[in-house]
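Asker: Structure for this input, please:
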Amino acid sequence: MAKRVEKFPQVVYRKHTQTLSPHPSPWVRKPGRHLPEFAFFVILSFVAMAVDVQYGFGWLNGLAGKLAAPVVYSVDRILFPLARSVAFVRETWDAKKENAALREELDRARRDLHYYESEFHKNLRYRELLNLKAEVAPEAVAAQVLRYQDSAAQRAIVLRAGEAEGLEVGQPVLGESGQLLGRISRIDRRFSTVVLLTDPSCRAGVAVESTQAQGILYNRNGQLFVSVDRAEEVREGDRLVTSHLSDLFPEGLLVGRIVGPAGDKETDPLVAAHLGLMKSYRVEPVFPNEKWGSAREVLCLPAYRSRPVAPDKGS
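Answerer: Numbers count the residues shown, from 1 in each chain. Below is the predicted model:
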């Protein structure tokens, strides 16, 4: 039988370093040597406690304050201007931002004020048009003015209304205070063109309201005139209205007022003024014609159709 051999792992023991110093402290080796220092600190502690109980250490604070005062003063002299500068820069920056915000708020308030003023005047104009509509023709249509065309060849306004709103060619157009401006001459689905009384091609039959004297309205360079029979009595300030003989406008629409006789170069070349049969007068519209371009809304009356002549029963 073979001999059993057991092999165990080899254990290596290492020597660890000592955690404690082999040399003790002098206080441990010779305690009596440092006893005087220990006693001195103990006595000093009792003395400090006695002074604190009896007098306190306020004097020590005062002494420290006196010693630190020059240092604090010097630091304050250096830091105070710097702190003021920093505060000034911060306040300036804050004020700049606040001014920008206030400026923006002011601009917004101005825009709102302009909008409300515009709406206020717009409401006033619409109210006048509504009152005029109720007085003249309930079926009249109010329309917004898009642009004003003023040239030697044509004077007209373009309206934001057309066939879709029920307008048609031939409708008289009134402005503020019932002033006759002209008539619709061209129209499409959404827009229409109004030829004004100041257009070179526009002529209309009119009458002096007080005497019913008949005349012909014409214009020269945008200024309105009327030619009336010389035998008729015409006074300055007389109202001029459309005549019942007119084929373009219904009777009684306000045109303007007589302001005086016309000059020699302002007579109508198409009438017999040179023969002495007619006399011309200057006409001032109730709504000044130089402001017709600033009109914003107008009133379109129903289309006027002249009354047909009744047939002769004997024929």
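Asker: So which residue is smack in the middle of the chain?
Answerer: The chain has Arg111 as the residue nearest its centroid, 2.3 Å off, counting by CA atoms, centre = their mean.
Asker: Surely that residue is in a strand?
Answerer: No. Under DSSP: H, G, I helix; E, B strand; the rest coil, Arg111 falls outside any strand and is assigned helix.
Asker: Tell me how far it lies from Ala101.
Answerer: Look at Arg111 and Ala101: by CB to CB, to the nearest Å, they are 16 Å apart. Where C-beta positions appear, they are placed from N, C-alpha and C, glycine not excepted.
Asker: which stretches of this structure form helices?
Answerer: For the chain, the helices defined by DSSP state H cover 26-29, 35-54, 58-136.
Asker: any idea of the mean pLDDT in the first one?
Answerer: Spelled out, it's helix 26-29. Helix 26-29 shows a mean pLDDT of 60.
Asker: contacts for the longest strand along the chain?
Answerer: The single longest strand within the chain, with elements called by DSSP state E, is strand 141-150. The set of residues external to strand 141-150 that reach it, using CB atoms under 8 Å, 6 or more residues apart in numbering, is 126, 129-130, 133, 155-161, 165-167, 191-192, 222, 292-300.
Asker: buried subset of these?
Answerer: Buried members of these, counted by 16 or more other CB atoms under 10 Å: 129, 133, 155-159, 161, 167, 191-192, 222, 292, 295, 297-300.
Asker: Tell me which entries of those lie within strands.
Answerer: Those of the buried ones among the contacts of strand 141-150 mapping onto strands are Arg155, Ala156, Ile157, Val158, Leu159, Ser192, Glu297, Val298, Leu299, Cys300, per DSSP E.
Asker: what's the closest non-adjacent residue to the fifth one?
Answerer: Distances taken as CB to CB, 6 or more residues apart in numbering place Ala143 nearest to Leu159, at 4.2 Å, with adjacent residues excluded.
Asker: who's the one you found bridged to?
Answerer: Ala143 forms beta bridges with Val298, as assigned by DSSP bridges.
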